[in-house]
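>>> okay, predicted coordinates and the sequence, questions at the end:
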Amino acid sequence: MSEPPQSGATPHPLPTLSGDEPAPKASRFWSPRRVPAALLALLVLGGAGLLLYDVVAVRADHPAMWWRRELARGLADRPLDDTAVLAGAAVAALAGLWLIVLAATPGQRALLPMRRTDSGVRAGLHRDAAATVLRDRAADVSGVQSARVRMTRSKVDVRAVSHFRELDDVRGDLDATLADGIRDLGLERAPRLSVHVARPGRKG
């Protein structure tokens, strides 16, 4: 049985940033993109293995595979402005452009980076979770019957329905409440707020 801590012992404080130490900038989260990387690796491995096998077979005095002979014959006979050649080049160019975009962009657009208070900790908030929090904040405003919140990395679009009170008063309360809610989310870059308030539609 472990002994209880002595009364004079002090717990170790949690690591925090000092007052004069600037907070590190929170960058976006990068997607691992395992599926495109795995597909590309399998494609390159299969093509390289098939080509290597055919080269070794030709070196051993065996005829080249039919696809290699047809490919060489087609490339020799078809002009560069042939439709099939242009289509193949376009597909290859689009595939290369797609891979470059995947390599140069972080992805994870649904994950919003939060402000960092510790150099060794990174945190993010999913856009749907943030929208749910702001929607609950909007629903607590007096006069709001229902609210829909659509959130992107740079904008929060709120559309509320008010069944009583003046629309301008409800909009003002929503602006103040949601502005506080966005600050409480602790995001690195606070998105712009856009609020629209309307009356409920007539039934029937």
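Here it is on my side, so go on. Numbers count the residues shown, from 1 in each chain.
>>> count of neighbours near the nearest residue to D180 once chain neighbours are set aside?
Closest residue to D180 apart from its sequence neighbours, by Cβ to Cβ, 6 or more residues apart in numbering: R137 at 8.0 Å. C-beta coordinates here come from the backbone N, C-alpha and C atoms, glycine included. By other Cβ atoms under 10 Å, the residues close to R137 number 20.
>>> so what touches the helix or strand where R137 lies?
When secondary structure is defined by DSSP states H and E, R137 falls within helix 127-139. Residues outside helix 127-139 that contact it (Cβ atoms under 8 Å, 6 or more residues apart in numbering) are 110-112, 144, 146-153, 156, 158, 160, 174, 177-178, 180-182, 185, 187.
>>> and for stretch 175-189?
The contact list for stretch 175-189, computed with Cβ under 8 Å, 6+ apart, reads 25-26, 112-116, 125, 130, 133-134, 137-138, 140-141, 153-154, 156, 158, 190-191, 193, 195.
>>> got phi/psi on the residue sitting furthest away from the middle of the chain?
Distance from the C-alpha centroid of the chain peaks at D61, with 53.0 Å (Cα atoms, centre = their mean). D61 has phi and psi values of phi 70, psi 30 when expressed as degrees, to the nearest 10.
>>> and the helices in this protein?
34-59, 66-77, 83-104, 127-139, 167-185 (DSSP state H).
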